[in-house]
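In: For reference, the sequence and a predicted model appear below.
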Amino acid sequence: MTLMPVSREPTDRDPLSAALRPPIDETEEEKAHRLADEEAAKRVSLAIDEAIRLEDKQRKKRKLVRLLLLGQSESGKSTTLRQFQRLYTPNAFREERVLWRAVIQLNVVRSVHTMLDALSDIRRGDVYPSSTYTSDPDSDSESEHQVSLPYHLDELRRHLYPLRHVESLLIAKLVPPNEHEATTLGVGGSNSVNGNVSYYGSHHSQSSRVFHHQEVFVRPGASWKLRSTGRPQSAGTTGQETVDESQTVLHHCCSDMVALWHDPVVRQILRRRKIRLEESPGFYLNDLERVTSLSYFPSDDDVLKARLKTVGVSEYSFHMEAGSETGTEWRIIDVGGSRSQRPTWVPFFDDVNAIIFLAPISAFDQTLVEDRSINRLEDSVLLWKEVCSNKLLAKVDLVLFLNKCDILASKLKSGIRLAKYVRSFADRPNEPETVEKYFRSKFSAIHREHSPIPRKFYGFCTSVTDTTTIGGIIASVKDMVIREHLRASKLL
């Protein structure tokens, strides 16, 4: 038998083991240093493993709820978020009320500008009933002839000229200089920040009129709040004695704004143009004397009604300060509702506990701002169908808010008939209760027919600006979300 020569090379040819193997000519001193370094590295590794283990344990114990707000633009998503903050983080909500004053001031100015824009193209029929000036059979066409503005309205327009400067100041407060484009997103036109809008003159360019139908956009986050007035020192009456230039001008223009809003000719023009300011977010024209007071401090209701549009997706994280779930962390994601922003929704469907979908049913006679050919109610129905049928959301609870029921009731009371716009409503009574029941049935049927797997339907008729009724609804939704979250986590 032939014996194989004994190899002095190591039998383990793994390159990693070879790299970690101590040098053959290692001295005792080098060996001591190496062992000490390895021991220190091991301690660090064990510490990291323990930290990860503890973090996982804490995460399992911690109550984390992710809630997504969906719906078209101006459906009430931001207001719903503020209602959550008002109810469950009341201290933080009160602290920030004063910071909304600049937004409310801008809402007032924009409402006045909408009325002034409507006066830029006044027709004979806007001022004079046809029977008082002609018996011509062609009076209908003659009523569309342009006429000069009545003297008293021309005077009001001149008196309100300082609001142009106020608007520039407020936009500068809310939008940083390096985000100038945030004031020009929308239909197009000029920008009053640059001082190139002359909408108070007797001749109005198309671009200047278009500008006032745009909105001011801000980026997600609280940076606009810091720019508006700075952080308040405490809750309560903080900022109540602080009088800024914008508030001073609004105070001096108050009587003229009131006169403009209540003028019968202006009201007639707004009706003919189908401009319903009272149905829009950020409407304060019925409270001008209060909101233009030099000592004005925004109330909860004022903050909830304020209109400020954000660009992009915002995630708000807060811990409950009140109620039985004190300490629970909530992450509420508020996404943009315009058609161009909807593709950004999908990434946020992952790991969401529940979705609140807002459908403004009062918008049955309105069209989308971004596409005038699409009815807003029809858009909400199609969007709801897409959300219900999405397989990524098959196990997610969907909560439907049929929103703006207060505006719906006002419309129906004024004589606007739903059947004119929704033929399937047929000859049912044109009453709020009947209409709400009809819409709830229609949306429930879509939920039942298009959900990938059967799930319970949660539907509420809401007016999210109404603090009296929405509190109970949000409390019910919160309890439902927590209960389902615990069940999914196998803690219930």
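Out: Alright, I've got the coordinates.

In: C-alpha from now on. contacts and neighbour counts both.
Out: Noted.

In: Remind me what the helix or strand harbouring L169 packs against, helices and strands.
Out: Using DSSP states H and E, L169 sits in helix 163-174. If you count contacts as 3 or more C-alpha pairs under 8 Å, 6 or more residues apart in numbering; DSSP states H and E, helix 163-174 packs onto helix 101-118, helix 223-228, helix 245-252.

In: Out of the ones you listed, which gets nearest to G471?
Out: Nearest to G471, of all the helices and strands packed on helix 163-174, is helix 101-118, at 23.0 Å by C-alpha to C-alpha.

In: in the helix holding L169, what's buried?
Out: For helix 163-174, a neighbour-count test (16 or more other C-alpha atoms under 10 Å) marks 163-164, 166-174 as buried.

In: Please state the offset of it from the chain centre?
Out: 21 Å (C-alpha atoms, centre = their mean, to the nearest Å).

In: Using PDB, list the CA coordinates for that helix.
Out: Below are the C-alpha coordinates for helix 163-174, written out as PDB (Å, rounded to 0.1, in the frame of the first residue of the first chain):
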ATOM      1  CA  LEU A 163     -56.900  94.200  -1.200                       C
ATOM      2  CA  ARG A 164     -54.600  93.700  -4.200                       C
ATOM      3  CA  HIS A 165     -51.600  94.500  -1.900                       C
ATOM      4  CA  VAL A 166     -53.000  92.400   0.900                       C
ATOM      5  CA  GLU A 167     -53.200  89.400  -1.400                       C
ATOM      6  CA  SER A 168     -49.500  89.800  -2.300                       C
ATOM      7  CA  LEU A 169     -48.500  90.100   1.300                       C
ATOM      8  CA  LEU A 170     -50.500  86.900   2.200                       C
ATOM      9  CA  ILE A 171     -49.100  84.800  -0.600                       C
ATOM     10  CA  ALA A 172     -45.600  86.000   0.300                       C
ATOM     11  CA  LYS A 173     -46.300  84.800   3.900                       C
ATOM     12  CA  LEU A 174     -47.500  81.300   2.900                       C
END
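
In: Helices along the stretch 151-300 of the chain, start to end?
Out: For the stretch 151-300 of the chain, the helices defined by DSSP state H, counting those that start in this stretch cover 151-159, 163-174, 206-211, 223-228, 245-252, 254-262, 264-272, 288-291, 300-305.

In: what helices or strands is the last one leaning on?
Out: With contacts defined as 3+ C-alpha pairs under 8 Å, 6+ apart, helix 300-305 has these neighbours: helix 77-88.

In: After the helix it packs on, which helix or strand is next? Please name it.
Out: Next element after helix 77-88 (DSSP H and E): helix 90-96.

In: packing partners for that next one?
Out: Using 3+ C-alpha pairs under 8 Å, 6+ apart, helix 90-96 sits against helix 77-88.

In: Could you single out the most deeply buried of the helices and strands packed on helix 163-174?
Out: Burial of the helices and strands packed on helix 163-174 is given as mean neighbour count (mean count of other C-alpha atoms under 10 Å); helix 101-118 ranks first at a mean of 22.

In: tell me the contacts of the most centrally placed residue in the chain?
Out: The structure's the chain has its C-alpha centroid closest to S78; by C-alpha atoms, centre = their mean the separation is 3.2 Å. Listed by C-alpha atoms under 8 Å, 6 or more residues apart in numbering, the contact set of S78 reads D334.

In: switch to numbering from 21
Out: All right, first residue 21 from here; so that's S98.

In: Walking through the stretch 321-470 of the chain, point out its helices one by one.
Out: Using DSSP H, counting those that start in this stretch, helices in the stretch 321-470 of the chain cover 396-409, 425-433, 452-470.

In: could those helices go into TSV alongside distance to I490, mean pLDDT and mean neighbour count?
Out: What follows is the helices of the stretch 321-470 of the chain, written out as TSV (distance: least, C-alpha to C-alpha, whole Å; pLDDT from 0 to 100; neighbours: other C-alpha atoms under 10 Å):
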stretch	distance to I490	mean pLDDT	mean neighbour count
helix 396-409	21	95	19
helix 425-433	12	94	18
helix 452-470	16	96	16
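
In: In JSON lines: those helices, plus distance to V331.
Out: As requested, the helices of the stretch 321-470 of the chain are exported to JSON lines (distance: least, C-alpha to C-alpha, whole Å):
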{"stretch": "helix 396-409", "distance to V331": "20"}
{"stretch": "helix 425-433", "distance to V331": "26"}
{"stretch": "helix 452-470", "distance to V331": "29"}
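
In: Looking at these, spot the one closest to V442.
Out: helix 396-409 (9.4 Å).

In: contacts for the closest one?
Out: By C-alpha under 8 Å, 6+ apart, helix 396-409 touches 91-92, 377, 379-381, 383-388, 413-414, 418, 463, 466-467, 470-472.

In: about what we covered before: so which of the helices of the stretch 321-470 of the chain comes closest to V128?
Out: helix 425-433 (19.5 Å).

In: chain center to that closest one, what's the gap?
Out: 22 Å.

In: Also stretch 277-284?
Out: 30 Å.

In: Show me which residues of that stretch are buried.
Out: Here stretch 277-284 shows 277-278, 280-281 as buried, counting by 16+ other C-alpha under 10 Å.

In: What is the longest helix seen in the chain packed up against?
Out: Secondary structure assigned by DSSP state H gives helix 48-81 as the longest helix of the chain. The contact analysis (3+ C-alpha pairs under 8 Å, 6+ apart) places helix 48-81 against no helix or strand.

In: what sits up against stretch 327-344?
Out: Defining contact as C-alpha under 8 Å, 6+ apart, one finds that stretch 327-344 is touched by 107-111, 123-124, 127, 235-241, 301-302, 346-356, 361, 364.

In: okay, it in PDB with CA atoms only?
Out: The C-alpha coordinates for stretch 327-344 follow below in PDB (Å, rounded to 0.1, in the frame of the first residue of the first chain):
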ATOM      1  CA  ARG A 327     -59.100  76.400   2.400                       C
ATOM      2  CA  LEU A 328     -55.400  75.700   1.700                       C
ATOM      3  CA  LYS A 329     -54.400  73.300  -1.000                       C
ATOM      4  CA  THR A 330     -51.300  71.300  -0.800                       C
ATOM      5  CA  VAL A 331     -49.200  69.800  -3.600                       C
ATOM      6  CA  GLY A 332     -48.300  66.100  -3.200                       C
ATOM      7  CA  VAL A 333     -48.900  63.600  -0.500                       C
ATOM      8  CA  SER A 334     -48.700  64.500   3.200                       C
ATOM      9  CA  GLU A 335     -48.300  62.100   6.100                       C
ATOM     10  CA  TYR A 336     -49.300  63.300   9.500                       C
ATOM     11  CA  SER A 337     -48.100  61.400  12.600                       C
ATOM     12  CA  PHE A 338     -49.500  62.100  16.100                       C
ATOM     13  CA  HIS A 339     -50.300  60.400  19.400                       C
ATOM     14  CA  MET A 340     -53.700  60.500  20.900                       C
ATOM     15  CA  GLU A 341     -53.900  63.000  23.700                       C
ATOM     16  CA  ALA A 342     -57.400  62.200  24.800                       C
ATOM     17  CA  GLY A 343     -59.800  59.300  25.000                       C
ATOM     18  CA  SER A 344     -59.300  55.700  25.900                       C
END
